[in-house]
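J.: no letters, just coordinates:
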């Protein structure tokens, strides 16, 4: 039984129930399955085979989900891509995993000028949306409607061990790594989440997190597997609009990262509104300060609040804190989700004693198969049957986990994980910058904001020029929020930048003069 | 008209990094063009509150008030009334 089988079963039980609703309309379960099967047949008819990687470049939308399930139905491997991106990064990812096709929104394909990949890489490009100016290319560039045509063809059956999708995450080295997830990974994680959230077919959720990240993807999987309804909302920049819709649709669930809740609690009408239908709220994607958790609980006294933890390498979810313990175990990420083992180990791999700090390791059917074509990177994190998460934690006497810090320098800003290395590499390309170090600084709304310390070369340093260059060469969520010019960077004896010193509040004082 | 010029200057300076874009028209949607994200909206609100000595209430945080130069100018006119 795969995740897709679960969704098909839900569609047989509730064919006329609304599965998805976005600004362009809604799809019932029978329409969703019908259209996604059309996508699957369309891909197979055009020479795409089982196991081939197919890129997916859409904002959250019914198109995204139809194409995603269609790719899985054809036995292909879905490659969800961030729509806030650069041409360079998209080309790298599609090339690194040898993608055979790309299905995407016309405006994104145009924005990143990906048409040339049809000829250069032999990619089949399917463009959804206004397709009037798709360049013709021997049937390798087609519209969404072209794809859906074609005679009936039997669809293949995938096994649990077959690859279902590859989610690219920012690597600490700056190169994104493709997390390989099997059909079994997706099913196992979805069923585990469904069981502890108690999700059923009467549940509905307002989805504001992108489906191309693991958290958003798990919301999609779990709600479709039970026959629930997903209300897609892409306008969370103005939370009051989203809240109006949430109240109007009487949704039973909501999921966010820390910045989502900071926005809700401090820049919206959320607290003044009543939420009688909201059965549960989930939070993951970074630590929620206990004070915010308390404030959220006060705002939602009758709603279950689940604090959760996980990572893409574990499909999405690894632990959760039962809602009744949110105040008693404040600051904890809870315990392992059903079907998963979690432990905290020392450098030698031995479980640590309560109160001691160790690295979180996980074992279970949700743990990835590895990173695509990166065996050395895979060996670093998959050892002796365990996934080494890189997150450091303590465990209390009752077995509850508390994150202490992350081993990696990844910045968590909003819903994004960002590699400082990638930003440093871009800024270093500027001739007027001698050296640079990028860190995440605490931020009330974003969790962390991006701060670049630069040592200018000579005079005439212009902060705006650095920002302009970043805007041209980085996805917008990776553009630093602050550029601080300093005379030099603190380093260890071996020359490594002491980033922990940069994070100290008073660090900038002796260095703020612009020079040298 | 003064509002529009000042807002335009703020957007160009802070979100377009000084690169004046002729495509930034009075009715250009900041969201649709990817000019402003959620933190950008908060920066914009901070600018409006400080420059025009107003308080942007939570319920006023809607695209009808803030998502283009024209919308902001209209909102300010009502607010300053």
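T.: Happy to help now that I have it. Just so it is clear, the model here is predicted, and its values are computed rather than measured.
J.: please name the bridge partners of residue A:128.
T.: residue A:105 (DSSP bridges).
J.: separation between it and chain B?
T.: 17 Å (C-beta to the nearest C-beta, to the nearest Å). No exception for glycine: its C-beta is placed from N, CA and C like everyone else's.
J.: can the longest helix along chain B be found next to chain A?
T.: In chain B, taking DSSP state H as the definition, the longest helix is helix B:38-52. Yes - for helix B:38-52, a contact with chain A is found by C-beta under 8 Å from any C-beta of the partner chain, at B:38-39, B:41-42.
J.: check the burial of residue A:330 by counting its neighbours.
T.: Using other C-beta atoms under 10 Å in any protein chain shown, residue A:330 has 17 neighbouring residues.
J.: tell me the phi and psi of it?
T.: phi -50, psi 130 (degrees, to the nearest 10).
J.: contact partners for it?
T.: Applying C-beta atoms under 8 Å, 6 or more residues apart in numbering or on different chains to residue A:330 gives the contacts A:290, A:293-294.
J.: now the longest helix of chain B: buried residues?
T.: Residues B:38-42, B:44-45, B:47-48 are the ones in helix B:38-52 that count as buried (16 or more other C-beta atoms under 10 Å in any protein chain shown).
J.: what's the residue in chain B positioned nearest to chain A in contact with, if anything?
T.: When distances are taken as C-beta to the nearest C-beta, chain B reaches nearest to chain A at residue B:17, 4.1 Å away. Counting by C-beta under 8 Å, 6+ apart, residue B:17 makes contact with A:464, A:467-468, A:471.
J.: can you give me the helices in the stretch 251-400 of chain A?
T.: With DSSP state H, counting those that start in this stretch as the criterion, the stretch 251-400 of chain A has helices at A:258-266, A:290-299, A:375-381.
J.: spatially nearest residue to the closest residue to chain B within the stretch 1-150 of chain A, not counting backbone neighbours?
T.: The minimum distance from the stretch 1-150 of chain A to chain B, using C-beta to the nearest C-beta, falls at residue A:84 (7.9 Å). Leaving aside its sequence neighbours, residue A:84 sits nearest to residue A:475 (C-beta to C-beta, 6 or more residues apart in numbering or on different chains; 4.6 Å).
J.: count of neighbours near the one you found?
T.: Neighbours of residue A:475 under the rule other C-beta under 10 Å: 18.
J.: got it, and residue A:4?
T.: As a burial measure, residue A:4 scores 26 neighbours (other C-beta under 10 Å).
J.: so it, which state does it fall into?
T.: helix (DSSP: H, G, I helix; E, B strand; the rest coil).
J.: now do the contacts for it.
T.: A:69, A:72-73, A:158, A:183.
J.: wait, which of these is closest to residue A:30?
T.: Minimum distance to residue A:30 across the contacts of residue A:4 is 12.9 Å, recorded for residue A:69 (C-beta to C-beta).
J.: now do the SS call for the closest residue to that closest one other than its chain neighbours.
T.: Leaving aside its chain neighbours, residue A:69 sits nearest to residue A:36 (3.7 Å; criterion: C-beta to C-beta, 6+ apart). Recorded secondary structure, residue A:36: helix (three-state DSSP).
J.: tell me how far residue A:36 lies from residue A:293.
T.: To residue A:293, residue A:36 is 38 Å away according to C-beta to C-beta, to the nearest Å.
J.: the more surrounded of the two?
T.: When neighbours are counted by other C-beta under 10 Å, residue A:36 and residue A:293 differ, and residue A:36 comes out ahead with 25 against 21.
J.: point out the most buried one among the helices of the stretch 251-400 of chain A.
T.: Compared across the helices of the stretch 251-400 of chain A, helix A:258-266 shows the largest average neighbour count, a mean of 22 (mean count of other C-beta atoms under 10 Å in any protein chain shown).
J.: report all helices and strands that that one contacts.
T.: Applying 3 or more C-beta pairs under 8 Å, 6 or more residues apart in numbering or on different chains; DSSP states H and E, one finds that helix A:258-266 contacts helix A:239-248, strand A:280-283, helix A:290-299, strand A:447-456.
J.: starting at the chain centroid, how far to the host helix or strand of residue A:189?
T.: Residue A:189 belongs to helix A:183-197 when assigned by DSSP states H and E. Relative to its parent chain, helix A:183-197 has a centroid offset of 17 Å by C-alpha atoms, centre = their mean, to the nearest Å.
J.: and for stretch A:346-358?
T.: Using C-alpha atoms, centre = their mean, the offset of stretch A:346-358 from its chain centre is 29 Å.
J.: same question, stretch A:88-96
T.: Taking mean C-alpha positions (C-alpha atoms, centre = their mean), stretch A:88-96 and its chain are 18 Å apart.
J.: anything in that stretch sitting right up against chain B?
T.: No - using C-beta under 8 Å from any C-beta, we find that stretch A:88-96 stays clear of chain B, coming within 15.7 Å at best.
J.: which residue, other than its chain neighbours, is closest to residue A:299?
T.: Spatial nearest neighbour of residue A:299, excluding adjacent residues (C-beta to C-beta, 6+ apart): residue A:271 at 4.8 Å.
J.: now do the closest residue to residue B:41 other than its chain neighbours, the pLDDT please.
T.: In this structure, residue B:41 finds its nearest non-sequential neighbour in residue A:237, 5.6 Å apart by C-beta to C-beta, 6+ apart. You'll see residue A:237 listed with a pLDDT of 84.
J.: doesn't residue A:237 lie inside a strand?
T.: No - using three-state DSSP, the secondary structure at residue A:237 is coil, not a strand.
J.: if I look at it, how far off is residue A:483?
T.: Going from residue A:237 to residue A:483 by C-beta to C-beta gives 24 Å.
J.: the residue of the stretch 1-150 of chain A closest to chain B touches residue A:477, doesn't it?
T.: Yes - the pair residue A:84 / residue A:477 is scored as a contact, 5.6 Å apart, by C-beta atoms under 8 Å.
J.: pLDDT below threshold where in chain B?
T.: Across chain B, the ranges flagged by pLDDT under 70 are B:1, B:20-22.
J.: residues from it in reach of chain A?
T.: Counting by C-beta under 8 Å from any C-beta, chain B sits next to chain A at B:17-19, B:31, B:34, B:36-39, B:41-42, B:58-59, B:61-63, B:66-67.
J.: would you write a PyMOL line that selects the buried entries of those?
T.: In PyMOL, a selection of the buried entries from the residues of chain B next to chain A looks like this (16+ other C-beta under 10 Å):
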select buried, chain B and resi 17+31+36+37+38+39+41+42+61+62+63+66+67
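J.: from the residues of chain B next to chain A, which land in helices?
T.: B:38-39, B:41-42, B:63, B:66.
J.: just checking, residue A:230 touches residue A:223?
T.: Yes - if you go by C-beta under 8 Å, residue A:230 and residue A:223 touch, sitting 5.1 Å apart.
J.: checking residue A:64 next. Helix, strand or coil?
T.: Assigned by three-state DSSP, the conformation of residue A:64 is helix.
J.: so who does it touch?
T.: A:56, A:58, A:211.
J.: let me have those in TSV, extended by neighbour count, distance to residue A:428 and secondary structure.
T.: Shown next, in TSV, are the contacts of residue A:64 (neighbours: other C-beta atoms under 10 Å in any protein chain shown; distance: C-beta to C-beta, whole Å; DSSP: H, G, I helix; E, B strand; the rest coil):
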residue	neighbour count	distance to residue A:428	secondary structure
A:56	24	32	strand
A:58	24	33	coil
A:211	24	33	coil
